[in-house]
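Trainee: Give me coordinates for this.
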Amino acid sequence: MTHQNLHPRRRLVLGAALLGSAALALTGCGLPLPFGGSASSGAVGFGDVQKATIQIEAVGTFVDPEQGGYEAAGRGSGFLIDDSGLAVTNNHVVVGAGTLKVWRGGDTTKTLNAKVLASSECYDLAVIRLEGSGYPHLRWRDKPVETALDVYAAGFPLGDPTFTETKGIVSKADTAGKTPWASLDHIIEHDARIRPGNSGGPLVDKDGAIVGVNYAGNDQYDTNLAIHRDEAKKAIADLAQGKPVLSLGINGTALTDEEGNGLGIWVSSVASGSPADKAGIEGGDLLTKMEGVSLGTDGTMSDYCSVLRTHGQDATLSVELYRPADSTYYRGQFNGKAITAQKTVETATGADGGSSQVASGDFITVKDDSGTVSVQVPAAWNQTEGAPMTDDGGNEYKMLSAAPDLSAFLNDWGASGVSIYASKDAVGKVTPEQIMQGMASGLPAEGCQSEGMSDYDDGVHTGQLAVWSGCGPSKSYALVVSAQAKSGGYVVLVTLQAPKVDDLAAADRILGSFSASF
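Mentor: Got it, this is the predicted structure:
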């Protein structure tokens, strides 16, 4: 599993590895900021930017997709925006931390306590409050942010308590920013070099006024990104009042497989008391769908944040996820019914395949030739067939088969594999029940015994699920789902052939990940 090449200039973890289109130029909005102190009176100039820049140490337990969970102390940057102790940093710096320690201006002799007021994973912003008052702070630039503007990135890179400031120019004054850990409509590209530990630090102009909030960079291409002042100010106005913005309370990153296919949103930590926490989401979960929308399809947070922008963070939102810790798919709701395990193997056969190598090993995403049908399968099932087919009634089906040995799977009951058929042409012409009856009549008479049939509902499709055992000379299992999309847009048939229970264990991942996008 990989991330995109662009990396957050996030906290530098001490003693442990951590997960790891242009728009019209905006002018200063002059938005009123309902902060507890003064946002302009007493603001420092360029020469005193250091006094208003802070280093943040966050201690907590985080979960890496490759290294697992660990407790770590990580450091990032931030900056004060009023004299009462309100400060801005990145969501990925502080969310999920158990404790925060803050040092101002590089002075490590005095440790300040701080609390998170609110955060946003989509904007990658958080507002914290420091103890005390009377702080020097920065003001926002009140002039347009233009290309070639001289800018300076301030902060504490590489976990070093020594304050640093690098100079550059704005190369793109306003562009969209879709990254694995945020989804922003307005960011600034610049060449004032930032490094791990610079996350959350200010990007300022020659007068020391805030131009943006640094949050990401790419060392190979010397790309440095900051959240645009105007995007940041709108979110911060709510965050400072303790109101989350486009947030369910996760510290998340989109994951892709080695071929660049999106796997979902990996949760490294969860904010206590947040909608994610109340729903039962844990660090180490992989969110795969929300409201029927596959997440992380392009390797960014865009899908996740689009759902929040459409429905709102307070809405009841369906969610599906995979938990590698127990090799199980879960379904439930944010702001509604908490997640519950979906154990297809145990429910259908009474056999627990959850500890098998097939269930817990690496999975890959495969698609049909048109890109309409996709599913996650065990990495060994890397032989695929994706050409469409037409039934006797002239209805076209998008078809996808995957197996370790495709020829054997298509011709022999002794080989494992899966086939998925999806058709919008067949809607209204054939029901899931009729499809299931057709499948049952086509099973070999030699030994196939029904293990039962049940209603099927994965939040996106409804229909029937059936399992047979003892099929063919190899006594294989056959698992079949015949369903229709709740939208009414298509019917779908999923057939899984499994000579061993270990192979059948892949059903939970397959049924939790298959999708059709007509």
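Trainee: how about the helices in the chain?
Mentor: Remark: helices of the chain, listed N- to C-terminal, are 91-94, 229-239, 275-279, 302-311, 344-349, 357-360, 406-411, 432-441, 501-504, 507-513; assignment by DSSP state H.
Trainee: Extract the C-alpha set from the fourth one and format it as PDB.
Mentor: These are the backbone C-alpha positions of helix 302-311, laid out as PDB (Å, rounded to 0.1, in the frame of the first residue of the first chain):
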ATOM      1  CA  SER A 302     -11.700  14.200  -2.300                       C
ATOM      2  CA  ASP A 303     -14.500  11.500  -2.200                       C
ATOM      3  CA  TYR A 304     -14.700  11.600   1.600                       C
ATOM      4  CA  CYS A 305     -14.900  15.300   1.700                       C
ATOM      5  CA  SER A 306     -17.400  15.500  -1.200                       C
ATOM      6  CA  VAL A 307     -19.800  13.300   0.900                       C
ATOM      7  CA  LEU A 308     -19.400  15.700   3.900                       C
ATOM      8  CA  ARG A 309     -19.900  18.800   1.700                       C
ATOM      9  CA  THR A 310     -23.100  17.200   0.200                       C
ATOM     10  CA  HIS A 311     -24.700  15.900   3.300                       C
END
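Trainee: which residues touch that helix?
Mentor: Surrounding helix 302-311, the residues in contact under the criterion Cβ atoms under 8 Å, 6 or more residues apart in numbering are 121-122, 178, 182-183, 246-248, 252, 254, 265, 287, 290-291, 293-297, 317. All C-beta spots, glycine's among them, are computed from the backbone N, C-alpha and C.
Trainee: Can you name the residues bridging to residue 175?
Mentor: Counting by DSSP bridges, residue 175 forms beta bridges with residue 187.
Trainee: so it touches residue 187, yeah?
Mentor: Yes - in this structure, residue 175 sits in contact with residue 187. The criterion is Cβ atoms under 8 Å, and the distance is 6.0 Å.
Trainee: Grab the nearest non-local neighbour of residue 376.
Mentor: Across the structure, with Cβ to Cβ, 6 or more residues apart in numbering as the measure, the residue nearest residue 376 apart from its sequence neighbours is residue 513 (3.9 Å).
Trainee: next one: residue 332
Mentor: Once chain neighbours are set aside, the closest to residue 332 by Cβ to Cβ, 6+ apart is residue 339, at 3.2 Å.
Trainee: got the contact list for the one you found?
Mentor: By Cβ under 8 Å, 6+ apart, the contact set of residue 339 is 279, 280, 281, 319, 321, 330, 331, 332, 333.
Trainee: One more pass at 6 Å, please.
Mentor: For residue 339, the residues meeting the contact criterion (Cβ atoms under 6 Å, 6 or more residues apart in numbering) are 279, 280, 330, 332.
Trainee: Between those, which sits nearest residue 71?
Mentor: For residue 71, the closest of those turns out to be residue 280, at 21.5 Å, with distances computed as Cβ to Cβ.
Trainee: Report the separation between the closest one and residue 331.
Mentor: Distance of residue 280 to residue 331, given as Cβ to Cβ, to the nearest Å: 11 Å.
Trainee: one step back: and the helices of the chain, which is most packed in?
Mentor: Most buried of the helices of the chain by mean neighbour count (mean count of other Cβ atoms under 10 Å) is helix 91-94; its value is a mean of 31.
Trainee: State the mean pLDDT of that one.
Mentor: The pLDDT scores in helix 91-94 average 94.
Trainee: Just list what that helix packs against, helices and strands only.
Mentor: In terms of contact count using 3 or more Cβ pairs under 6 Å, 6 or more residues apart in numbering; DSSP states H and E, helix 91-94 is assigned the packing partners strand 112-120, strand 125-130.
Trainee: would you list every one of the strands in the stretch 51-200 of the chain?
Mentor: Remark: strands of the stretch 51-200 of the chain, listed N- to C-terminal, are 53-64, 68-80, 86-89, 99-104, 112-120, 125-130, 150-155, 164-179, 182-190; assignment by DSSP state E, counting those that start in this stretch.
Trainee: residues contacting the residue nearest to residue 376?
Mentor: Residue 513 touches 288, 375, 376, counting by Cβ under 6 Å, 6+ apart.
Trainee: Neighbour count for the residues you listed - can I get that in CSV?
Mentor: Compiled in CSV, the contacts of residue 513 are given as follows (neighbours: other Cβ atoms under 10 Å):
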residue, neighbour count
288, 25
375, 24
376, 25
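Trainee: wait, doesn't residue 124 sit right on residue 213?
Mentor: No - taking contact to mean Cβ atoms under 6 Å, the distance of 8.3 Å between residue 124 and residue 213 leaves them out of contact.
Trainee: Can I get the contacts of residue 513 in TSV including pLDDT?
Mentor: Putting these into TSV (pLDDT from 0 to 100) gives the following:
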residue	pLDDT
288	92
375	93
376	88
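Trainee: so what's the residue nearest to residue 410 when sequence neighbours are not counted bridging to?
Mentor: The shortest distance from residue 410 to any non-neighbouring residue, by Cβ to Cβ, 6+ apart, is to residue 401 (6.9 Å). Beta-bridge pairing of residue 401, defined through DSSP bridges, involves residue 385, residue 419.
Trainee: how long is stretch 171-189 end to end?
Mentor: Using Cα to Cα, to the nearest Å, the end-to-end distance of stretch 171-189 comes to 6 Å.
Trainee: Let me fix that, I meant to ask about stretch 49-56.
Mentor: The first and last residues of stretch 49-56 sit 16 Å apart, counting by Cα to Cα.
Trainee: so where is the chain shaky, pLDDT-wise?
Mentor: Confidence mapping of the chain against pLDDT under 70 gives the ranges 1-41, 343-361, 445-446.
Trainee: so the most centrally placed residue in it bridges to which residues?
Mentor: Residue closest to the mean C-alpha point of the chain, counted by Cα atoms, centre = their mean, is residue 265 at 2.3 Å. On DSSP bridges, the residues paired with residue 265 through beta bridges are residue 254, residue 287.
Trainee: and it, what does it touch?
Mentor: The neighbourhood of residue 265, defined by Cβ under 6 Å, 6+ apart, consists of 252, 254, 287, 295, 296, 304.
Trainee: What sits closest to the first one if chain neighbours are left out?
Mentor: What it means is residue 252. Using Cβ to Cβ, 6+ apart, the nearest residue to residue 252 is residue 265, at 4.6 Å.
Trainee: hang on, the earlier thing: from the contacts of residue 339, which two are the most distant?
Mentor: Pairwise distances across the contacts of residue 339 (Cβ to Cβ) peak at 9.5 Å, for the pair 279 and 330.
Trainee: Burial check on residue 228, number of neighbours?
Mentor: Burial of residue 228 is recorded as 26 neighbouring residues (other Cβ atoms under 10 Å).
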